[in-house]
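dropping the sequence and predicted coords here.
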Amino acid sequence: MRADDPASLGGAATDLARLADEAWETVLADQPILATSIGDRRFDDRLIDPRPAARATHRARLADLAERARAVPADDLEPTDAVTRLALIAFVEAELDVATADVARWALDPLDGPQVQLLNLSSYQPVDTPAEGDRLVERWRAMAPYVDRLAANLVAALDDGLVSPEAPVRAVIDELDDLLDGAAGAEALLAPASAAHPDWSASDRQRFSAALDTVVREDVLPAFGRYRATVLDRVLPRARPNDRPGLGDLPGGEAAYRRLVRAHTSLALDPAEIHAIGLAAVEQIDAELAERAGRVLGTADGGEARARLRSDPAVHFATSAEVFATSKAALDRAKEALPDWFGTLPAAPCEVVEMGSHEAKHSTIAYYLQPAEDGSRPGRYYLNTTAPETRPRYEAEALAFHESIPGHHLQLARGQELTGLPAFRRHAGATAFFEGWGLYTERLSDEMGLYSAELDRIGIASFDGWRACRLVVDTGMHALGWTRDRAIAFMLDHTALARDNIVNEVDRYITWPGQALAYKLGQLEIRRLRDEAAGRLGGRLDMRAFHDVVLGEGALPLPVLRAVVERRFPGG
């Protein structure tokens, strides 16, 4: 078939569109919580099926989709559809890589395990009608068998030699203790009862509240009790020591790690190569931090500067309210500056939300949740405000810009509103694009004049060094035999992050292998594309136009993003 043959073009494009829809439907049906989070309410009564047979079936579907996507003839597509074809292949192959690595079958996750994820559901599953209330109760009713199946997976994985290291196992036990011993767990699970729509009749409200209370107290909480017993009695005694935290210490771990590296970075890089990139970046950023600290703190010694940044109460918050207020002010300031740097802005608003007590203790310092596509929920920047005395003032603004505006909210909300693209390109894509964009905007925000003072600019170097360290410690632990303590020590030596944050971060890299590589690799590529485009145009690059091109195609794999940018900015 020829590319100039309208019939063949139409046929290939139609096949591609149908395949893109099928792939997205496959992922949503398999991940119903993802569907709810983006505002697709069709699966609100379900949870993922974690049983091995269901996972095998899903992997087979993904493998078939990947084969069919590769079979769509590229020469028969217009440029926009050609980008969709490449993006679809990468999307399905990344899903297949993650599903094949199957870390979720055995890894205990303090950040997004069931003891966190299920309690967060009520914050983004609305109950505006009695029918929606019924579907929520059905989903809550599905929690007990879901948690029991996860426990069964953990036990079965032990026979395969697959088990988490001790640190995340103990963290999950701690979270389960809090969930079961305190009121936070029941409150989070029962929260929808007080959020039911005021137009409901008294009988509907009473029926919903009673049903929810029954399922939580008689089904869900006892299931979490059984899960805790499994983790404590069966998993903990066989947990790996913390000096063997990496996938490389597990059967099939080396191949699994390579799959996850490819899935999250969209690049075919060897772990040793990534490690070297990280070491070079750390060295460069160490020098930048020392130079900035010399101006602000009066010492250019990196070790002394990091010690002061960690220990000086003057550069840390005193109250949780201060943490929240500083972040909100940064977000408000960024909103005002956007039109000078971006041509197209998302319609969906963004708000700052304090992280719930059920997750804050073992969570990262912040995260972002995209808005509901139907406009019923704004984008939300979830902020960890616990232990404010450990939260540095100099990090707060860089963090806010990364997680909200011009970072994740601008990219994700804008992506949802690209109505001319297939759904998978509007809602999903390469981790390296999502997180690379977030990290890119931390330095872009300085160009935009958003930082309040030189102290806040120290946060730029500190955070950039943190992401560079990820390249070193993630590959170090999972491919090069590093211990958990060595990873923590490296980050203490090369970032100004507080020790408790570093410990939580290292445990995150243990639990989510490869994901942390996406940030720095994505940032480096976006900045490289910008510099190359400016060079081709003799330095006359319009930043609004460049950013609109980068954000205007969805979260593309980095090689596909490169092709798009080079086509749009070919030189004069």
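Yes, it's here. Numbers count the residues shown, from 1 in each chain.

measure Gly522 to Asp159 for me?
As judged by CB to CB, to the nearest Å, Gly522 and Asp159 stand 38 Å apart. All C-beta atoms are positioned from the backbone trio N, CA, C, and that covers glycine.

the more surrounded of the two?
Set side by side, Gly522 and Asp159 show more neighbours around Gly522, with 29 against 7, by other CB atoms under 10 Å.

burial of the nearest residue in space to the more buried one that is not next to it in sequence, as a residue count?
Nearest non-adjacent residue to Gly522, counting by CB to CB, 6 or more residues apart in numbering: Gly436, 1.6 Å away. Gly436: 29 surrounding residues under other CB under 10 Å.

in what helix or strand does Gly436 lie?
Assigned by DSSP states H and E, Gly436 belongs to helix 431-447.

show the average pLDDT along the next helix or strand after that helix.
Moving toward the C-terminus from helix 431-447, the next helix or strand (DSSP H and E) is helix 454-479. Across helix 454-479, pLDDT averages out at 95.

which elements pack onto helix 454-479?
For helix 454-479, the elements it packs on are helix 253-265, helix 271-297, helix 393-403, helix 431-447, helix 484-494, helix 499-511, helix 518-536, judged by 3 or more CB pairs under 8 Å, 6 or more residues apart in numbering; DSSP states H and E.

distance from the chain centre to the last one, please.
So that's helix 518-536. Here helix 518-536 is found 21 Å from its chain centre; the criterion is CA atoms, centre = their mean, to the nearest Å.

got it, and the first one?
Its chain's C-alpha centre lies 16 Å from the corresponding centre of helix 253-265 when counted by CA atoms, centre = their mean.

and if you look at stretch 296-312?
On CA atoms, centre = their mean, the centre of stretch 296-312 falls 31 Å from the chain's centre.

for stretch 359-371, same thing?
In terms of CA atoms, centre = their mean, the centre of stretch 359-371 is set 9 Å apart from its chain centre.

now do the end-to-end distance for it.
One end of stretch 359-371 to the other measures 20 Å (CA to CA, to the nearest Å).

and the average pLDDT for that stretch is what?
81.

tell me the angle the helix holding Gly436 makes with helix 454-479.
160 degrees (axes from the mean of the first three to the mean of the last three CA atoms, to 10 degrees).

how about helix 431-447: buried residues?
Using 16 or more other CB atoms under 10 Å as the test for burial, helix 431-447 gives 431-446.

give me the number of residues near the residue nearest to Val137 when sequence neighbours are not counted?
Nearest non-adjacent residue to Val137, counting by CB to CB, 6+ apart: Ala211, 4.8 Å away. Other residues near Ala211 number 18, with proximity taken as other CB under 10 Å.

quick thing: my sequence starts at 31, can you match it?
New numbering, starting at 31: the last item is Ala241.

SS state for Ala241?
helix (DSSP: H, G, I helix; E, B strand; the rest coil).

now swap in the one 10 residues further on and tell me
For Leu251, the reduced secondary structure class is helix; criterion used: three-state DSSP.

since we're on it, how many residues are nearby?
17.

got the contact list for it?
Leu251 makes contact with Leu210, Gly215, Ala216, Leu219, according to CB atoms under 8 Å, 6 or more residues apart in numbering.

ok, so of the residues you listed, who is nearest Asp273?
Comparing the contacts of Leu251 against Asp273 with CB to CB places Leu210 closest, at 30.5 Å.

in what helix or strand does that closest one lie?
Going by DSSP H and E, Leu210 is part of helix 196-211.

just checking, what packs against the helix or strand just after that helix?
Next in sequence after helix 196-211, counting helices and strands by DSSP H and E, comes helix 214-220. With contacts defined as 3+ CB pairs under 8 Å, 6+ apart, helix 214-220 has these neighbours: helix 144-150, helix 196-211, helix 232-245, helix 251-260, helix 387-390.

pick the most deeply packed of the ones you listed.
Most buried of the helices and strands packed on helix 214-220, by mean neighbour count (mean count of other CB atoms under 10 Å): helix 144-150, with a mean of 22.

now it: average pLDDT?
Taken as a whole, helix 144-150 has a mean pLDDT of 95.

now whichever helix or strand comes after that helix against helix 251-260, angle please.
Moving toward the C-terminus from helix 144-150, the next helix or strand (DSSP H and E) is helix 160-189. Going by the same axes, to 10 degrees, helix 160-189 is angled at 10 degrees with respect to helix 251-260.

helix 160-189 to helix 232-245, inter-axis angle?
If you take the same axes, to 10 degrees, helix 160-189 sits at 10 degrees to helix 232-245.

please point out which parts of helix 160-189 sit buried.
Neighbour counts over helix 160-189 (16+ other CB under 10 Å) mark 160, 162-167, 169-174, 176-181, 183-184, 187-188 as buried.

do the same with stretch 126-141
By neighbour count on 16+ other CB under 10 Å, the buried set for stretch 126-141 is 126-141.

returning to that earlier point: hmm, Arg165 and the residue nearest to Val167 touching each other?
No. Contact criterion CB atoms under 8 Å: Ala241 and Arg165 do not qualify, at 11.7 Å.

who does the helix holding Gly466 touch, helix- and strand-wise?
Packing partners of helix 461-477 (3+ CB pairs under 8 Å, 6+ apart): helix 283-295, helix 423-433, helix 438-446, helix 484-509, helix 548-566, helix 588-598.

now distance to Thr66 too, for these, in TSV please.
Shown next, in TSV, are the helices and strands packed on helix 461-477 (distance: least, CB to CB, whole Å):
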stretch	distance to Thr66
helix 283-295	23
helix 423-433	21
helix 438-446	15
helix 484-509	29
helix 548-566	24
helix 588-598	28
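
in JSON lines: the contacts of Leu251, plus distance to Ala360 and pLDDT.
Putting those into JSON lines (distance: CB to CB, whole Å; pLDDT from 0 to 100) gives the following:
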{"residue": "Leu210", "distance to Ala360": "37", "pLDDT": "93"}
{"residue": "Gly215", "distance to Ala360": "32", "pLDDT": "83"}
{"residue": "Ala216", "distance to Ala360": "35", "pLDDT": "89"}
{"residue": "Leu219", "distance to Ala360": "33", "pLDDT": "95"}
